[in-house]
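A.B. asks: compute the structure for the input listed below.
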Amino acid sequence: MSLGTKNSNSEKGENNVKQLAKIFSLALRDIPNFLKENADLLVKVIENMCTDDPIMIIEWADPFPRNGRNQTKRSLINYITTHGGVNEFNSRIIFSFRSGRQLTDCFNGLPDWCRHDRINLNVLDVGCCYCATKVTERTADLENCRYVFNI
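C.D. replies: From the prediction side, this is the model:
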């Protein structure tokens, strides 16, 4: 990769982060680093969303902190996609829903094993969740939904 291409990609990434800040009406410093790292995908998804449609963005813990039978990241992704979430760009981190009700039903039905372990406090949460809802053609609300995995 040439230096010119690297700078071009870097500039494009910075522009996507600035665009994301504008969409969410936030200062650059207020956008979580995980969202900045995925700004290119998020901008594309938000631009193609309909007004009032929500998306779930998950920053998975690495390594994944559960190791029981069927307690895997893949099983949670399967749960989300079978309960209305569309795995955008096959990213395994951005899931779009057709309505807020569909997203809420998905949240409320997540398996208990993916919740915060209050007995063994040394076990990490499976991830951190953010939700974005498109408000107008050019704006969206961002919410830190840490309660999803940390109940």
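A.B. asks: quick one: the helices in the protein?
C.D. replies: 3-24, 33-37, 39-48, 73-82, 100-108 (DSSP state H).
A.B. asks: any idea of the mean pLDDT for the longest one?
C.D. replies: Regarding helix 3-24, the rounded mean pLDDT is 77.
A.B. asks: still on that earlier bit, need the helices of the chain in JSON lines (columns: mean neighbour count and distance to residue 67).
C.D. replies: Using the backbone N, CA and C atoms, a C-beta is placed for each residue, glycine as well. Formatted as JSON lines, the helices of the chain follow (neighbours: other Cβ atoms under 10 Å; distance: least, Cβ to Cβ, whole Å):
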{"stretch": "helix 3-24", "mean neighbour count": "14", "distance to residue 67": "34"}
{"stretch": "helix 33-37", "mean neighbour count": "15", "distance to residue 67": "23"}
{"stretch": "helix 39-48", "mean neighbour count": "18", "distance to residue 67": "29"}
{"stretch": "helix 73-82", "mean neighbour count": "16", "distance to residue 67": "11"}
{"stretch": "helix 100-108", "mean neighbour count": "15", "distance to residue 67": "24"}
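A.B. asks: which one of those lies closest to residue 59?
C.D. replies: Ranking the helices of the chain by proximity to residue 59 (Cβ to Cβ) places helix 33-37 first, at 4.3 Å.
A.B. asks: just the CA trace of that closest one, in PDB.
C.D. replies: C-alpha atoms of helix 33-37 as PDB (Å, rounded to 0.1, in the frame of the first residue of the first chain):
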ATOM      1  CA  ASN A  33     -13.900   4.900  20.200                       C
ATOM      2  CA  PHE A  34     -15.600   1.700  19.100                       C
ATOM      3  CA  LEU A  35     -18.100   3.700  17.100                       C
ATOM      4  CA  LYS A  36     -15.300   5.800  15.600                       C
ATOM      5  CA  GLU A  37     -13.600   2.600  14.500                       C
END
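A.B. asks: now residue 115: how far from residue 144?
C.D. replies: Remark: distance between residue 115 and residue 144 (Cβ to Cβ, to the nearest Å) = 17 Å.
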